[in-house]
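*Asks:* What shape does this take:
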Amino acid sequence: MIVVGSGARHLEDEIRALGGELIEVEIRKFPDGEKYVRVLGSGEEATVVQSTFAPQDEKIIELLLIADALRERGVERLRAVVPYFAYSRQDRVTKEGEPVSVRAVMRALGLYYDELYVFDLHNPETLKFFPGKAVNLSPARAIAEYFAERLGEGIVLAPDRGALERAAAVAEKLGLEYSHFEKRRISPTEVQMRPVDVDVKGRNVLIVDDIISTGGTMIKAANLLREMGAEKVFVAATHGVFAEGAIERVSRAVDELAVTNTIPTPVSRISIVPDVLAL
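*Replies:* Sure thing, here's the model as predicted:
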């Protein structure tokens, strides 16, 4: 039994088409702006799918209200599937007096949910804050399947060493070579990028990252790859948290930009729904 919150409405048709058993949920707002939720079904177990992109706070409150409603209806075991987990980048205290925001959200969800599944969390170590079973899912299968024909015998690159594991996971699905960009500061205002130990001349390249916001790093990397003789340059990411104009800027710099549908955007062409239904 699957309940879809307003942050995952864009996945609903595909979940249904692939055989997911959905139950209806009424979601609206009271005149004062507070959320109203009513779940129109029940069972022993339920999976709630809710992505917490903007407005993040509303989506998180809704996730809690749906869980409370399901518990009221006697559901004994609850899973939360959160394709995009808000507040995940606030994972440490940098100034005295700040919270560890991701911890606060995970502990709140832990009051209701037995299991938590997220996609490509910014810092997987923070899953320890959830009191029950918590799993960080990889979008590598989905990204690899989408770009397999486009990439051919190409190369998969990470924009930096920290993202190398992500690029490796995609490359291994495709049986391709992988590496990462190395960044070297050459002046207070200039950082030089270069792919490590790979020859991109005449080959297609896929750059893979977890989040794209402004897209500045991707544009710089794509321009460099073209100068080095790369044939086609593709960019993929798990979460498209695009700043205004970023989709257009990145798309102009590459042959194709595609992200997963953890967040609905015009370039959310890679589906994680099969991974959700496989849980």
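
*Asks:* going forward, measure contacts and count neighbours with C-alpha atoms only.
*Replies:* Will do.

*Asks:* how about Val191, phi and psi?
*Replies:* phi -120, psi 130 (degrees, to the nearest 10).

*Asks:* so it touches Thr217, yeah?
*Replies:* No: using C-alpha atoms under 8 Å, Val191 is not in contact with Thr217; the gap is 10.5 Å.

*Asks:* Can you report phi and psi for Lys232?
*Replies:* The phi/psi pair for Lys232 (degrees, to the nearest 10) is phi -120, psi 150.

*Asks:* In a helix, Arg103, correct?
*Replies:* Yes: under DSSP: H, G, I helix; E, B strand; the rest coil, Arg103 sits within a helix.

*Asks:* Flag the shaky bits of the stretch 51-200 of the chain, pLDDT-wise.
*Replies:* Under the criterion pLDDT under 70, no range of the stretch 51-200 of the chain is flagged.

*Asks:* picking that back up, Val191 and Thr217: which is more packed in?
*Replies:* Neighbour totals were compared for Val191 and Thr217, and Thr217 leads with 14 against 11 (other C-alpha atoms under 10 Å).

*Asks:* And for the closest residue in space to the more buried one that isn't next to it in sequence, the neighbour number?
*Replies:* Setting aside the residues directly before and after it, Thr217 is nearest to Pro159 in space (C-alpha to C-alpha, 6 or more residues apart in numbering), at 7.4 Å. By other C-alpha under 10 Å, 23 other residues sit near Pro159.

*Asks:* Quick check, Pro159 in contact with Asp210.
*Replies:* No: using C-alpha under 8 Å, Pro159 makes no contact with Asp210, being 10.1 Å away.

*Asks:* What separation do you get for the nearest residue in space to Arg103 that is not next to it in sequence and Leu116?
*Replies:* Spatially, and ignoring its direct neighbours in sequence, Arg103 is nearest to Phe129 (5.4 Å; C-alpha to C-alpha, 6+ apart). Phe129 is 11 Å from Leu116, where distance means C-alpha to C-alpha, to the nearest Å.

*Asks:* The two: which is more packed in?
*Replies:* Neighbours per residue, other C-alpha under 10 Å: of Phe129 and Leu116, the larger number sits with Leu116, 23 against 15.

*Asks:* Now the host helix or strand of Arg38: average pLDDT?
*Replies:* According to DSSP states H and E, Arg38 maps onto strand 35-39. On average, the pLDDT along strand 35-39 is 96.

*Asks:* so what does that strand touch, helix or strand wise?
*Replies:* Counting contacts by 3 or more C-alpha pairs under 8 Å, 6 or more residues apart in numbering; DSSP states H and E, strand 35-39 is packed against strand 25-29, helix 56-72.

*Asks:* So which residues make contact with it?
*Replies:* 23-30, 58, 61-62, 65-66, 69-70 (C-alpha atoms under 8 Å, 6 or more residues apart in numbering).

*Asks:* Next, the angle from it to strand 25-29.
*Replies:* Per axes from the mean of the first three to the mean of the last three C-alpha atoms, to 10 degrees, the angle that strand 35-39 makes with strand 25-29 is 170 degrees.

*Asks:* which stretches of the chain form helices?
*Replies:* Here the chain has its helices, by DSSP state H, at 12-17, 56-72, 101-110, 140-151, 164-174, 216-227, 246-253, 273-277.

*Asks:* so which of these gets nearest Val267?
*Replies:* For Val267, the closest of the helices of the chain is helix 246-253, at 7.8 Å, according to C-alpha to C-alpha.

*Asks:* That closest one: which residues count as buried?
*Replies:* Neighbour-count burial for helix 246-253 flags Ala246, Ile247, Val250, Ser251, Ala253 (criterion: 16 or more other C-alpha atoms under 10 Å).

*Asks:* who does that helix touch, helix- and strand-wise?
*Replies:* Looks like helix 246-253 contacts helix 216-227, strand 256-260 (3+ C-alpha pairs under 8 Å, 6+ apart).

*Asks:* swap the cut-off to 10 Å and go again
*Replies:* Applying 3 or more C-alpha pairs under 10 Å, 6 or more residues apart in numbering; DSSP states H and E, one finds that helix 246-253 contacts strand 205-212, helix 216-227, strand 233-240, strand 256-260.

*Asks:* mind checking how far it is from the chain centre?
*Replies:* 19 Å (C-alpha atoms, centre = their mean, to the nearest Å).
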